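Peer 1: Just a sequence and a predicted model for now, questions to come.
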Amino acid sequence: IAGITQAPTSQILAAGRRMTLRCTQDMRHNAMYWYRQDLGLGLRLIHYSNTAGTTGKGEVPDGYSVSRANTDDFPLTLASAVPSQTSVYFCASSPELGAYNEQFFGPGTRLTVL
Amino acid sequence: AQSVTQPDIHITVSEGASLELRCNYSYGATPYLFWYVQSPGQGLQLLLKYFSGDTLVQGIKGFEAEFKRSQSSFNLRKPSVHWSDAAEYFCAVGATGNQFYFGTGTSLTVIP
């Protein structure tokens, strides 16, 4: 079934550890996104990419990095996790980058940083 | 700065009753507007979107929304709610610079 997969489903992480959240899509979409979802704050854009090799910063990029080596994969890395990064992380994709595009979302990764 | 406001954190309706979820936005130009639904433990799914033209847009699952420029609103409606509509609903604005802004969400409970 076409769509977006994320791994892991959930993770508990000690503060200071490095963590990479994986995201893969098989829809051949050019644009991909990472959001964090926090209670009372909705979804906030962390980073995005409009094509392989190109990334951009969203609303809350600090403490996160991304890479886009190919069309399908868009991993999100926390170099040194902190408790404030406890959140649910959603990866999304759209055919092209642009404010008019519908985004397709993965099932999310629940991350707890202790 | 762009922003999206969903003033109702939580709404409870009876099955079969009508529903309206409010959304107000702040954006200088004509926005691209979306409503997404999130079922428990799931990602978001698009219900409908507005770009231009007819201000009343139809979406999936019997939902519709009306764009009112004078009120900077994009409220979501459904004439008769089903128990399966219980979920979290997010309004979103697509803005220039490839930024997307989501509201804080409205949680819908449907009682029999």
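Peer 2: That came through, no problem.

Peer 1: Which strand residues bridge residue A:77?
Peer 2: residue A:20, residue A:65 (DSSP bridges).

Peer 1: mind listing what it touches?
Peer 2: A:18, A:19, A:20, A:21, A:64, A:65, A:66, A:67 (CB atoms under 8 Å, 6 or more residues apart in numbering or on different chains). Backbone N, C-alpha and C define where each C-beta goes, glycine included.

Peer 1: Okay, now the unreliable bits of chain A?
Peer 2: Per-residue confidence for chain A (pLDDT under 70) gives these ranges: A:1-2.

Peer 1: which SSE is the nearest residue to residue B:10 once chain neighbours are set aside in?
Peer 2: Distances taken as CB to CB, 6 or more residues apart in numbering or on different chains put residue B:107 closest to residue B:10, at 4.6 Å, once the chain neighbours are dropped. Assigned by DSSP states H and E, residue B:107 falls within strand B:106-111.

Peer 1: Identify each buried residue in that strand, please.
Peer 2: By 16 or more other CB atoms under 10 Å in any protein chain shown, the buried positions in strand B:106-111 come out as B:106, B:108, B:110.

Peer 1: Kindly report the same for stretch A:89-104.
Peer 2: A:89, A:90, A:91, A:92, A:93, A:94, A:97, A:99, A:101, A:102, A:103, A:104.

Peer 1: The third one against residue A:31, yeah?
Peer 2: No: proximity of residue A:91 to residue A:31 does not meet the contact threshold set by CB atoms under 8 Å, at 11.5 Å.

Peer 1: ok, back up a step: and chain A, which of the buried residues of strand B:106-111 reach it?
Peer 2: Among the buried residues of strand B:106-111, no residue sits close to chain A (CB under 8 Å from any CB of the partner chain).

Peer 1: JSON lines please, covering these and showing distance to residue B:31 and pLDDT.
Peer 2: Shown next, in JSON lines, are the buried residues of strand B:106-111 (distance: CB to CB, whole Å; pLDDT from 0 to 100):
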{"residue": "B:106", "distance to residue B:31": "19", "pLDDT": "96"}
{"residue": "B:108", "distance to residue B:31": "23", "pLDDT": "97"}
{"residue": "B:110", "distance to residue B:31": "29", "pLDDT": "97"}
